[in-house]
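[1] Kindly return the folded structure for what I paste below:
(2 chains)
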Amino acid sequence: MARIALTGTASLLGGRLLRRLAETKGAARLLVVDVAAPPAALDVRHRAVDLTEPAADQRLLDVFREEEVESVLHFAFYTGPRRDAAHAHELESIGTLAVLAAAAAAGVGRVVMRSFTAVYGARGQNPAFLTEDRPLQPDPSLAWARDKLEAEQHAASFSRRYPDLRIAVLRFAPLLGPRVHAFYTRILDRRVVPVLMGYDPLVQMLHPDDALAAAEAAVDRPAAGAFNVVPSRPIPLLTALHLAGKIPVPVPHPVAYPAADLMWAAGVGEAPGRFCDYVRFPFVADGERARRELGFAPRHASRDALMAYLAYRHPHARLSEAEATA
Amino acid sequence: MSSRPKVVPMRRPKGTEAAAALAAPAVEAARKDGLLVAIARAIEAGRHGITWENLAALWSAAYFSWHSEEVDEFGRDAKFTETIRPLLEFLYTVWWRVEPAGVESVPAEGPALVVANHSGVLPWDGAMITLALRHEHPARRECRMLALDMFALLPFLAPALARTGAVRASQENGERLLRAGELVGVFPEGVKGIGKRYRERYRLARFGRGGFVRLALRTSAPIVPCAVVGAEEIHPVLAKANWVGRPLGLPYFPITPTFPLLGPLGVVPLPTKWSIDFADPIPTAEFGPPAADDPILVNRLSEQVRSTVQRMIDGRLARRRSVWFG
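    Below you'll find the predicted structure:
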């Protein structure tokens, strides 16, 4: 039976996609290719393959052939920076190469790959809406973004050489909503949030429900290429923080970058200094192409995603509000 | 630790920690009731000690007293624009006594590109053109200014410009606005114009590389030449100290009779008498969008607009008897 293989099912998005597809397509049609086993209750076939091992592509090819895989949904990416950058590089850049090579050799007809709008790079010169044909120019010193960029380059190169693979790269805006745990939510969870003095870029925050709907649409539609998956409206960073009841503390940017680097090096920071770019300059992407070719229209604005996250993170807050209105 | 300090520090007693983790109800209430109620509440609550919750609620109320919770897709904030309107109207009617002429030549609906001379160190001329069209045009048209990179990247000024409706100047942004049927204002002289020395005043610099013409051709938007007289004397630039500006990331550092001599007072512009003239629109629809790739035509139109603006300026200057009284 032709199967759909999924990687990165331990991630929020990969895991939710697995559950959803198990409902809509039946667990028998799914195959989890991951080091971690899927929840036993789902009753999905599991083949343990470590994407970071040297012969991963051969292993994947065998698995794809044995299981008659027709589609590969590649979601094995880290949302946040890793201290073990070498491992992240092996998994994301080299691992993607292995997945694509095996998929091409096995004659797979559809690949859906996760990516990030952050890969465009946050720059002052960015247009108000980044379209998919915009060159990807993340900061070269940012290992996190560089690995994603390389994965995208592998995807672009395989698309050229093997058009039959029909690779769809979904560039998701940063997720925010129920069950999202990332380095930026750890910063957001604090009462006092540092911001860059004099900067207030528009930011996009994608509700996981929308992200899931887009991924699901991409599984069934044939359209290939890159697609921005973004919420319906961006929101200014400071407005978002004030809506969340945070106390933003402005830090001058010449101080913020080295301070963040220092904290990261000391092991107490959430991200290296170059990540400050993402709260300094906009990287707002345009979702028109996904709407046109994948039929995906977001149901949540950035503000809704933020509110959903706060309600999830602090359920008691909503409770006391209900009490107040009762 | 049996005795509690009189003023409870920024932390609640352990038992109510969970309830205090997020101030959503307080912050939400503060946002809805406005600043004065929030201040009253904070004073009342302050008797029982200052908490993060009070502080965040107060801060949030202060922020939303002059910002709205939603911005448009380019970051324009209707409430913020409303907040600073009195200042701009004071400058328009009292300080500079702006005298607009020919506003009706701006089309009452549909896209159009207003092309003006740029001067005055800070982008006051853009604000005044916007005000002239909003107040004097029969259709009360809202003009979106395309801001120079230099302003769109400057801390503090960049978010303020974005909230008042300015957009960073780029082909993509301009095209998106015009396709949405907006009225767009642009200063093709760019940095060369705004940083003109006093002795170069009212001599138009080169009009870029005709980017604005290509923009108009591609979107078939008519071009409305516009001449601002008076703005070139508000900050008479005697010299430029580039050795100061460069480390600060500025393309130039102006030295005027009042700046930096008088410090912050030097930022106050001189009360000259202004006039803003609009010429008849130059239609571009007849050439069709492919004409945007015809450099000869682009240059010809660019030169036509430039000479029209220069002619209007020269006419005004010939009639003007005083810099201060017109």
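[2] burial of the residue of chain B found nearest chain A, as a residue count?
    Closest to chain A within chain B is residue B:155: 2.6 Å, counting by Cβ to the nearest Cβ. Where you see a C-beta, it was placed from the backbone N, CA and C, and this is true even at glycine. One way to gauge burial is a neighbour count; for residue B:155, by other Cβ atoms under 10 Å in any protein chain shown, it gives 16.
[3] what's near enough to touch it?
    Taking Cβ atoms under 8 Å, 6 or more residues apart in numbering or on different chains as the contact definition, residue B:155 lies against A:196-199, A:253.
[4] Can you add distance to residue A:245 and give those back as CSV?
    Output for these, formatted as CSV (distance: Cβ to Cβ, whole Å):
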residue, distance to residue A:245
A:196, 20
A:197, 21
A:198, 23
A:199, 21
A:253, 25
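[5] which among the residues you listed are in contact with chain B?
    Near chain B, taking Cβ under 8 Å from any Cβ of the partner chain as the test, the members of these found are A:196-199, A:253.
[6] could these be laid out in a markdown table, adding pLDDT and neighbour count?
    What follows is the ones next to chain B among the contacts of residue B:155, written out as a markdown table (pLDDT from 0 to 100; neighbours: other Cβ atoms under 10 Å in any protein chain shown):
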| residue | pLDDT | neighbour count |
| --- | --- | --- |
| A:196 | 96 | 22 |
| A:197 | 95 | 16 |
| A:198 | 93 | 16 |
| A:199 | 95 | 23 |
| A:253 | 93 | 17 |
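[7] Switch these over to a markdown table; also include secondary structure.
    Output for those, formatted as a markdown table (DSSP: H, G, I helix; E, B strand; the rest coil):
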| residue | secondary structure |
| --- | --- |
| A:196 | strand |
| A:197 | coil |
| A:198 | coil |
| A:199 | coil |
| A:253 | helix |
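[8] Among the residues you listed, which one sits closest to chain B?
    The shortest gap between chain B and any of these belongs to residue A:198, at 2.6 Å (Cβ to the nearest Cβ).
[9] about what we covered before: and which of the contacts of residue B:155 is nearest to residue A:303?
    Ranking the contacts of residue B:155 by separation from residue A:303, with Cβ to Cβ as the measure, puts residue A:199 on top at 19.8 Å.
[10] Quick check: closest non-adjacent residue to the closest one.
    residue A:280 (4.8 Å; Cβ to Cβ, 6 or more residues apart in numbering or on different chains).
[11] dump the residue contacts of that neighbour.
    A:122, A:196, A:199, A:201, A:253.
[12] separation between it and residue A:116?
    Taking Cβ to Cβ, to the nearest Å as the measure, residue A:280 and residue A:116 are separated by 17 Å.
[13] what about chain A, any weak spots by pLDDT?
    The model of chain A has pLDDT under 70 over residues A:1, A:317-326.
[14] again with the stretch 151-300 of chain B
    Low-confidence segments of the stretch 151-300 of chain B, defined by pLDDT under 70: none present.
[15] swap in the stretch 1-150 of chain B?
    Counting by pLDDT under 70, the stretch 1-150 of chain B contains low-confidence ranges at B:1-26.
[16] can you give me the strands in it?
    With DSSP state E, counting those that start in this stretch applied, the stretch 1-150 of chain B shows strands at B:99-101, B:112-116, B:143-147, listed in chain order.
[17] Quick check: phi and psi on residue A:46?
    Backbone dihedrals for residue A:46, given as degrees, to the nearest 10, come out at phi -130, psi 130.
[18] How about it: which residues does it bridge to?
    Each beta-bridge partner of residue A:46 is listed here: residue A:32, as defined by DSSP bridges.
[19] residue ranges for the helices of chain A, please.
    Under the criterion DSSP state H, helices of chain A are mapped to A:12-24, A:56-66, A:85-89, A:95-105, A:143-161, A:183-188, A:208-220, A:237-243, A:253-266, A:277-280, A:288-289, A:302-313, A:315-325.
[20] How about the residues of the stretch 1-150 of chain A by chain B?
    Applying the criterion Cβ under 8 Å from any Cβ, the portion of the stretch 1-150 of chain A that neighbours chain B consists of A:124-125, A:127-129, A:131.
[21] what about residue 247, how many neighbours?
    Here I'm looking at chain A. Burial of residue A:247, expressed as a neighbour count using other Cβ under 10 Å, amounts to 18.
[22] wrong one, chain B
    Other residues within reach of residue B:247, judged by other Cβ under 10 Å, total 8.
[23] Would it be right to say that it lies in a helix?
    Yes: assessed with three-state DSSP, residue B:247 lies in a helix.
[24] can you tell me which of the contacts of residue A:280 lies nearest to residue B:79?
    residue A:201 (18.9 Å).
[25] excluding its backbone neighbours, what's nearest the closest one?
    Taking Cβ to Cβ, 6+ apart, and ignoring the residues beside it in sequence, residue A:201 has residue A:282 as its nearest neighbour in space, at 4.3 Å.
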